[in-house]
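Chemist: from the sequence below, what's the structure:
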Amino acid sequence: MADEFTRLTTRSGMELRVRPARLGDEVALTKFFADVTAEDRRFRFLSMVRVGNEHVAAMTHVDHRQTESFVAFATDSDRIVGAAMLACDPALETGEVAISVRGDHKNRGIGWALLCHVEAYAKAKGVKRLMSIENRANKSAIQIEQELGFDASSYDGDMTLVVLQKGLAA
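Modeler: So this is what the prediction gives:
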């Protein structure tokens, strides 16, 4: 696992430093999720709004093969402004992505930049399909994903959810 930062620029021109989450990020991630709106935490975890130690541990204790978690920082700060997770099946055929952005940093293109970053990372790993499961009320995430070429379909068994998928060309 490399500890070097990848530099990204959002659609709004904001500069980000992104790296894989690592052991030692637990406190910063806990603070980050406290600054994510309750609605966005519900959208990210699809039911719950309190992020506990077990959720943060799942972001910092990853295998770096099937699962990778990323943290994003504004260039002028050491506080996390965005987080993304990619979880793949064992064959690396399909990867599911989930992204959160700190409440006071929304609408700056951070989610868009992180989704592009995760897509490039997944493609480089040989993942063939990227997917996201969204609450239908999460219109901004659905719009971003569709702008980036994801197709929407119903989620079997739950009309409140939508599946967004995108094939990743080799």
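Chemist: show me the contacts for the residue nearest to Arg129 when sequence neighbours are not counted.
Modeler: Leaving aside its sequence neighbours, Arg129 sits nearest to Thr94 (CB to CB, 6 or more residues apart in numbering; 4.7 Å). No exception for glycine: its C-beta is placed from N, CA and C like everyone else's. Listed by CB atoms under 8 Å, 6 or more residues apart in numbering, the contact partners of Thr94 are Cys88, Val127, Lys128, Arg129, Leu130, Met131.
Chemist: who are the neighbours in contact with the third one?
Modeler: This means Lys128. Taking CB under 8 Å, 6+ apart, one finds Leu92, Glu93, Thr94, Gly167, Leu168, Ala170 in contact with Lys128.
Chemist: pLDDT added to those, as a markdown table?
Modeler: Output for the contacts of Lys128, formatted as a markdown table (pLDDT from 0 to 100):
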| residue | pLDDT |
| --- | --- |
| Leu92 | 95 |
| Glu93 | 97 |
| Thr94 | 97 |
| Gly167 | 97 |
| Leu168 | 96 |
| Ala170 | 65 |
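Chemist: among these, which one has the most neighbours?
Modeler: Counting neighbours by other CB atoms under 10 Å, Leu168 comes out on top of the contacts of Lys128 with 18 neighbours.
Chemist: wait, Arg41 touches Asp35, no?
Modeler: No. The criterion here is CB atoms under 8 Å, and Arg41 misses it with Asp35 at 10.2 Å.
Chemist: Glu96 in helix, strand or coil?
Modeler: strand (DSSP: H, G, I helix; E, B strand; the rest coil).
Chemist: so what pairs up with it in the strands?
Modeler: Glu96 has the following beta-bridge partners by DSSP bridges: Ala87, Met131.
Chemist: again with the one 4 residues further on
Modeler: Taking DSSP bridges, one obtains Ala83 as the residues bridged to Ser100.
Chemist: picking up where we left off before, separate out the buried members of the contacts of Thr94.
Modeler: Cys88, Val127, Lys128, Arg129, Leu130, Met131 (16 or more other CB atoms under 10 Å).
Chemist: report how many residues lie close to Arg65.
Modeler: With other CB under 10 Å as criterion, Arg65 counts 10.
Chemist: phi and psi next, for it.
Modeler: phi -110, psi -60 (degrees, to the nearest 10).
Chemist: how much space separates Met85 from Arg41?
Modeler: Distance check for Met85 against Arg41: by CB to CB, to the nearest Å, it reads 14 Å.
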